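Enquirer: Here is a sequence with its predicted model. Questions after.
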Amino acid sequence: MAAVLLIESAMKFAIAVFSAAHAPSSRRALLFAQAALAGGHEIVRLFFYQDGVYNASDAVVTPQDETDLPKQWRTFITEQNLDGVVCIAAALRRGVLNTEEAGRYQRDAVAVSAPWELSGLGQLHDAVQDADRLICFGGA
Amino acid sequence: MAKSLLIISRQSPWSGPGAREALDIVLAGGAFDLPIGLLFLDDGVLQLAAGQNARALQQKDLSANLQALPMFGVEELFYCVDSASARGLGDRSLDEAQPLAAAQITALIDRYDQVITL
């Protein structure tokens, strides 16, 4: 009975993160995403915008006795095979580049790699259209 | 039918990239022909202040982008009158933006499928 109810109420979530990796709201975003999947729901896309792009940065070094959120995101997205999209314009502005962009702008610093993907704001709108609910973390 | 999206812009124009990045979501939505609304709330109403001098701050002017919104197919523009009067906002740019009282904003948010506050 419970399983049937779960399936009937299953939702498609789009999740947008606007705060940096060290912000409590970013930690809540990951906890929400994990709980959504555990509850039988679907995540159509995780979209990282504004300072949220820092969640995708390999260059973040977290003190050993603190939660390493970028690492947890990476593990979660890889294991669950999710679509983790980082806004390319917001990432460029903040120096969070993948190999392709570092090459394009002749920079030595590469901070993003798979499973993360750099793409445009169209991916946010696309996720909004596809999802039943958009859940935002770390906005103003 | 496409889902509608309301962007609530709460950042002052020169406090960081927040105002511009909120506007970029709106412009991208307009480019995709999506039903999109923009509400200026709290410090966000300062984006509408007339006679801003962005160059003095070595910034790029945002108001030209705001003026272009109707051309990008974004016609649902609103601002909170309570926020504006609390900040002594006099002359405004963007005549197209409709004034809303706090009580009307609840109804506005209700009208949209999804909301992003930045």
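Expert: Yep, it's here.
Enquirer: Please make it C-alpha for all contacts and neighbour counts, starting now.
Expert: Will do.
Enquirer: What is the end-to-end distance of stretch A:48-65?
Expert: 25 Å (Cα to Cα, to the nearest Å).
Enquirer: helix or strand for the most centrally placed residue in chain A, which one?
Expert: Residue closest to the average C-alpha location in chain A (Cα atoms, centre = their mean): A:Leu46, at 4.2 Å. Assigned by DSSP states H and E, A:Leu46 belongs to strand A:42-48.
Enquirer: Next: B:Phe78.
Expert: Going by DSSP H and E, B:Phe78 is in strand B:76-80.
Enquirer: circling back to that earlier point, the residue nearest to the centre of chain A and B:Gly16: what is the separation?
Expert: Distance from A:Leu46 to B:Gly16, by Cα to Cα: 24 Å.
Enquirer: Give me every residue in chain B lying close to chain A.
Expert: B:2-3, B:10-11, B:18, B:21, B:25, B:28-29, B:32, B:114-118 (Cα under 8 Å from any Cα of the partner chain).
Enquirer: anything in the strand holding A:Leu46 near chain B?
Expert: No: contact of strand A:42-48 with chain B (Cα under 8 Å from any Cα) is absent, the minimum separation being 12.3 Å.
Enquirer: Residues touching that strand, excluding its own?
Expert: A:10-18, A:33, A:36-37, A:55, A:82-87, A:123-124, A:127, A:130-131 (Cα atoms under 8 Å, 6 or more residues apart in numbering or on different chains).
Enquirer: May I have the distance across stretch A:45-60, first residue to last?
Expert: 23 Å.
Enquirer: Ok, stretch B:6-22 next?
Expert: End-to-end for stretch B:6-22, by Cα to Cα: 11 Å.
Enquirer: how close does the residue of chain B found nearest chain A sit to A:Phe137?
Expert: Minimum separation of chain B from chain A (Cα to the nearest Cα) falls at B:Leu118, amounting to 4.5 Å. With distances taken as Cα to Cα, B:Leu118 is found 10 Å from A:Phe137.
Enquirer: quick one, which of these two is more surrounded?
Expert: A:Phe137 (23 against 20; other Cα atoms under 10 Å in any protein chain shown).
Enquirer: If you average pLDDT per helix and strand, which one of chain B comes out bottom?
Expert: helix B:63-67 (a mean of 85; mean pLDDT, DSSP states H and E).
Enquirer: Can you list the buried residues in it?
Expert: Using 16 or more other Cα atoms under 10 Å in any protein chain shown as the burial criterion, the residues of helix B:63-67 that qualify are B:63, B:66.
Enquirer: Run the chain-centre distance for it.
Expert: 10 Å (Cα atoms, centre = their mean, to the nearest Å).
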